[in-house]
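> Make a model of this:
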Amino acid sequence: MLPVKKLSRAKTRSRRAHHALRPVNYSLCKQCGSAKLPHAACGQCGYLNDSITLKFAEEAKS
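Predicted coordinates:
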């Protein structure tokens, strides 16, 4: 079906008002000071906060 009447630019743009991209939240690495994502390892030096624990699967011995 086609629309009965043409939508105005204001109506279209107000509908799309919440489609804007949000800025990425970066934090600084405590060790080297470069920008990194929060709760993730640093891409430059590989530092990971001591309070964050990672669970790894154990290798099966055969």
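> Report the secondary structure state of H18.
Following DSSP: H, G, I helix; E, B strand; the rest coil, the label given to H18 is helix.
> burial measure for it, as a count.
Around H18 sit 6 other residues, with neighbours defined as other Cβ atoms under 10 Å. No exception for glycine: its C-beta is placed from N, CA and C like everyone else's.
> so how far is L2 from it?
Distance from H18 to L2, counting by Cβ to Cβ, to the nearest Å: 26 Å.
> Report pLDDT for P3.
Here, the pLDDT recorded for P3 equals 87.
> In three-state terms, how would it be classified?
What three-state DSSP gives for P3 is coil.
> what about it, neighbour count?
Around P3 sit 6 other residues, with neighbours defined as other Cβ under 10 Å.
> Skipping adjacent residues, who's closest to the residue nearest to the spatial centre of the chain in space?
Per Cα atoms, centre = their mean, the C-alpha nearest to the average position across the chain is that of V24, at 5.9 Å. Once flanking residues are discounted, V24 sits nearest to L37: 7.7 Å by Cβ to Cβ, 6 or more residues apart in numbering.
> show me where this protein has helices.
Defined through DSSP state H, the helices belonging to the chain, from first to last, are 9-15.
> can you pull out the strands in the protein?
With DSSP state E as the definition, the chain shows strands at residue ranges 27-28, 35-36.
> most packed of these?
Between those, strand 35-36 has the highest mean count of neighbours, a mean of 16, where neighbours are mean count of other Cβ atoms under 10 Å.
> helices and strands around it, which ones?
strand 27-28 (3 or more Cβ pairs under 8 Å, 6 or more residues apart in numbering; DSSP states H and E).
> The strand it packs on - what's its average pLDDT?
For strand 27-28, the mean pLDDT works out to 92.
> can you check stretch 37-57 too?
Per-region confidence: stretch 37-57 scores 81 on mean pLDDT.
> quick one, what contacts the closest residue to C45 other than its chain neighbours?
What sits nearest to C45 in space, not counting adjacent residues and going by Cβ to Cβ, 6+ apart, is C32, at 4.5 Å. With contact set as Cβ atoms under 8 Å, 6 or more residues apart in numbering, C32 has these partners: 42, 44-45, 47.
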